[in-house]
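Chemist: task: produce atomic coordinates for the following.
(one chain, ligands or ions: 1)
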Amino acid sequence: MQHENGFDETSGSSGDSSAWLSKRDFLKVAGFAALGLAGAARAADRAAKGERWDLIVVGGGNAGLPAAIFAAQRGAHVLIVEAAGALGGTLFLSSGQMSAAGTKLQQSMGIEDSWQLHYDDIMRISTGTADPVLVRLAVENAAPAFDWLTDHGFKVRDGHPLTGTTHDPYSRPRYAWGYEGGRSILKVLAEQLQPLAEAGKVAVLLQTKVMGLIQQRDGSVRGVVTQDQNGASTRHLGRSVALTCGGYTENAAMYEKYEGVKDYSKMTYPFSQGAGYELALAAGGYVRGGQNHVPLFGAVTPDYDYPAPMMANVRHFPGDRPPWEIYVNKLGKRFLCEDMRSHTEYERGLGAQPDERCWAVFDDAMFHAMPRLVDGGFNSPWSDQDTIDAFASGAPNFFRADTLEGLAKSAGIDPAGFAATLEVFNAAQAGERRDPFGREHMPLPIAKAPFHAIQIQSWNLTAYAGVAVDGQLRVVRKDGKPIPNLYAAGELLGMGQLMGKAVCGGMSVTPALALGRLLGHSILRFDA
Ligand SMILES: Cc1cc2nc3c(=O)[nH]c(=O)nc-3n(C[C@H](O)[C@H](O)[C@H](O)COP(=O)(O)OP(=O)(O)OC[C@H]3O[C@@H](n4cnc5c(N)ncnc54)[C@H](O)[C@@H]3O)c2cc1C
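Modeler: Residues are numbered from 1 along each chain as shown. Coordinates of the predicted model:
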């Protein structure tokens, strides 16, 4: 299937980016391929002479590119090593929703906001589970990074910023994205990088992976070992190394190890394989925050072969659509108040269920009367007729039966638990008792055959565990001591640190950009 954004999911994660970037994308990044050729020659020359780079950036995505740009603008000589055939990383796929407080855009619209209010919102939404040091660093630096984008041609969509819709809202309108999602950000980064590369300040190695770090006996990092697409290994020396090589959402084993649950979804960047975690661990660092894992709610997958892509999405949020259906787990039990208006509670609720799975259950009267429940997934369209057809054909994840017991059995739900749940729900709906979850919106009972269930699976876009760093983005050991010359930024820091046990709008894209910029702009020193 060819997504709107050019990502061809049929060709999968071959590791050969030319195979999965569409022709249109490849043409767009052709300039970078030329830079890659020039960069390879310069990098080989420096490596042969044993010359050091001021900074080696491992991964040219949303965090790595600003780190390289701002360091080069300060006079540093920078090498970017990128595993894929193009720079940009997850920005090729990302919706690119950003949140920044106190921006010029907000000021021009008379919106009063500050990093402190942004910080307070994140701590409120995450119920205090996010890392105070990293959140503060990220939100303090979000507005300068956002302003830098808008100063260089980034245009936000009409009507933005918003308080947020797909995640629990912020207290101020500070949530904005460009017309082409993550690509709108990448466009600015590419335009800013190009002259620096042409001036010889930045060299880019494409289709080259960092396989290891060069470390001295005292633990200080002095460079990287790379492997190119032909398997050739090279040592590149550097005063500083920035790990900006993203998360691990495409590495199912690592996902399970760090998050403690299976990886059920496959919709992220094929190169998000967790290389930075292995590099940091090998250098003496450690990984934290996986206990804050929280999934996204509502994926309907095309089959049961997990990790699976999202085929459709359930419109569960009561703010958009008051619920008629109920949600039950495989024990047949409800686990949340379907009409409470918190994305976080839905996400945490699903995360606590066996297999992070539940079923939307409704009867035939609801099926014909309720507002649309199933919608398109990420870039995959879905119509009401698709839902009708899916039930009629018995498509995976769509169940229909003439009895509640038959429905439970076919869906894999415990029939006894299910029957008990339905009895209580219907009694509450009839006003015979209070709903145990306090639900108020229940227009119909679940009483008219045939009965319907749609199986819903968790999904994810980001890694929750992250490499531990201090307030200067230095990778630290468990004793808190920094590993000299080794830095990290981006998704590699883990959403469990930046969002806590919640999903806070824009708090992956923006911190990656802001902290990558911060590294290159002011943290790194090039005079050692
Ligand atoms: C579909 C989708 C939608 C999203 N929407 C949003 C959103 O709206 N808002 C939000 O805040 N977040 C969103 N995210 C998450 C966000 O886009 C990412 O977390 C963020 O962009 C990551 O930036 P990064 O620089 O850390 O990593 P990346 O952009 O992934 O860059 C890492 C780079 O490192 C390279 N690399 C990996 N291993 C190596 C190696 N060994 N050697 C050299 N290079 C290597 C990769 O190829 C890649 O180019 C979304 C994610 C997805 C998948």
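Chemist: ok, which stretches of the stretch 51-200 of the chain are helices?
Modeler: In order along the chain, the stretch 51-200 of the chain carries the following helices (DSSP state H, counting those that start in this stretch): 64-73, 104-108, 115-125, 132-151, 182-198.
Chemist: any part of the fourth one near the ligand?
Modeler: No - no part of helix 132-151 sits near the ligand under the criterion Cβ under 6 Å from any ligand atom; the closest distance found is 10.7 Å. Where you see a C-beta, it was placed from the backbone N, CA and C, and this is true even at glycine.
Chemist: show me what that helix is packed up against.
Modeler: Judged by 3 or more Cβ pairs under 8 Å, 6 or more residues apart in numbering; DSSP states H and E, helix 132-151 is in contact with strand 98-99, helix 104-108, helix 115-125, helix 495-498, helix 509-518.
Chemist: and those: which comes nearest the ligand?
Modeler: Proximity to the ligand, assessed across the helices and strands packed on helix 132-151 by Cβ to the nearest ligand atom, is greatest for helix 509-518 (3.5 Å).
Chemist: how far does the closest one sit from the chain's center?
Modeler: Taking Cα atoms, centre = their mean, to the nearest Å, one finds helix 509-518 lying 14 Å from the centre of the chain it belongs to.
Chemist: so of the helices and strands packed on helix 132-151, which one's packed in deepest?
Modeler: strand 98-99 (a mean of 32; mean count of other Cβ atoms under 10 Å).
Chemist: can you lay out the helices of the stretch 51-200 of the chain as TSV showing distance to G431 and mean pLDDT?
Modeler: Formatted as TSV, the helices of the stretch 51-200 of the chain follow (distance: least, Cβ to Cβ, whole Å; pLDDT from 0 to 100):
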stretch	distance to G431	mean pLDDT
helix 64-73	58	98
helix 104-108	47	97
helix 115-125	35	98
helix 132-151	45	98
helix 182-198	49	95
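Chemist: out of those helices, deepest packed?
Modeler: Of all those, helix 64-73 has the most neighbours on average by mean count of other Cβ under 10 Å, namely a mean of 28.
Chemist: tell me the angle that helix makes with helix 132-151.
Modeler: 70 degrees (axes from the mean of the first three to the mean of the last three Cα atoms, to 10 degrees).
Chemist: looks to me like H236 is in a strand.
Modeler: Yes - under DSSP: H, G, I helix; E, B strand; the rest coil, H236 falls within a strand.
Chemist: residues near it, how many?
Modeler: 25 (other Cβ atoms under 10 Å).
Chemist: tell me the contacts of it?
Modeler: 43, 46-47, 53, 56, 79, 81, 223-226 (Cβ atoms under 8 Å, 6 or more residues apart in numbering).
Chemist: can stretch 211-224 be said to contact the ligand?
Modeler: No - Stretch 211-224 stays clear of the ligand (Cβ under 6 Å from any ligand atom), getting no nearer than 6.9 Å.
Chemist: pull that stretch out as PDB, backbone CA atoms only.
Modeler: C-alpha atoms of stretch 211-224 as PDB (Å, rounded to 0.1, in the frame of the first residue of the first chain):
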ATOM      1  CA  MET A 211      28.100   0.200  14.700                       C
ATOM      2  CA  GLY A 212      30.200   1.200  17.700                       C
ATOM      3  CA  LEU A 213      31.800   4.000  19.600                       C
ATOM      4  CA  ILE A 214      35.600   4.600  20.000                       C
ATOM      5  CA  GLN A 215      36.200   4.900  23.700                       C
ATOM      6  CA  GLN A 216      39.400   5.500  25.600                       C
ATOM      7  CA  ARG A 217      40.400   3.800  28.800                       C
ATOM      8  CA  ASP A 218      39.100   6.700  30.900                       C
ATOM      9  CA  GLY A 219      35.700   6.200  29.300                       C
ATOM     10  CA  SER A 220      35.800   9.200  27.100                       C
ATOM     11  CA  VAL A 221      34.300   8.800  23.600                       C
ATOM     12  CA  ARG A 222      36.600   9.800  20.800                       C
ATOM     13  CA  GLY A 223      34.700   8.800  17.700                       C
ATOM     14  CA  VAL A 224      32.600   6.200  15.900                       C
END
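Chemist: so A145 sits right up against P511, yeah?
Modeler: No - in this structure A145 lies outside contact range of P511 using Cβ atoms under 8 Å: 9.1 Å.
Chemist: and the residue of the stretch 351-500 of the chain found nearest the ligand, what is it in contact with?
Modeler: Closest to the ligand within the stretch 351-500 of the chain is G490: 2.3 Å, counting by Cβ to the nearest ligand atom. Each residue near G490 by Cβ under 8 Å, 6+ apart is listed here: 59, 61-64, 244-246, 511-512, 515-516.
Chemist: residues of the stretch 251-400 of the chain that sit close to the ligand?
Modeler: Counting by Cβ under 6 Å from any ligand atom, the stretch 251-400 of the chain sits next to the ligand at 267-269, 271-273, 275, 378.
Chemist: turn those residues into TSV, including pLDDT and neighbour count.
Modeler: TSV is the format used below for these (pLDDT from 0 to 100; neighbours: other Cβ atoms under 10 Å):
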residue	pLDDT	neighbour count
M267	93	22
T268	96	25
Y269	97	25
F271	98	20
S272	98	28
Q273	98	21
A275	98	22
F378	78	19
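Chemist: picking up where we left off before, what's the closest of the contacts of G490 to A395?
Modeler: Closest approach between the contacts of G490 and A395, by Cβ to Cβ: G246, at 33.5 Å.
Chemist: E180 reaches K187, doesn't it?
Modeler: Yes - with contact defined as Cβ under 8 Å, E180 reaches K187; the gap is 7.5 Å.
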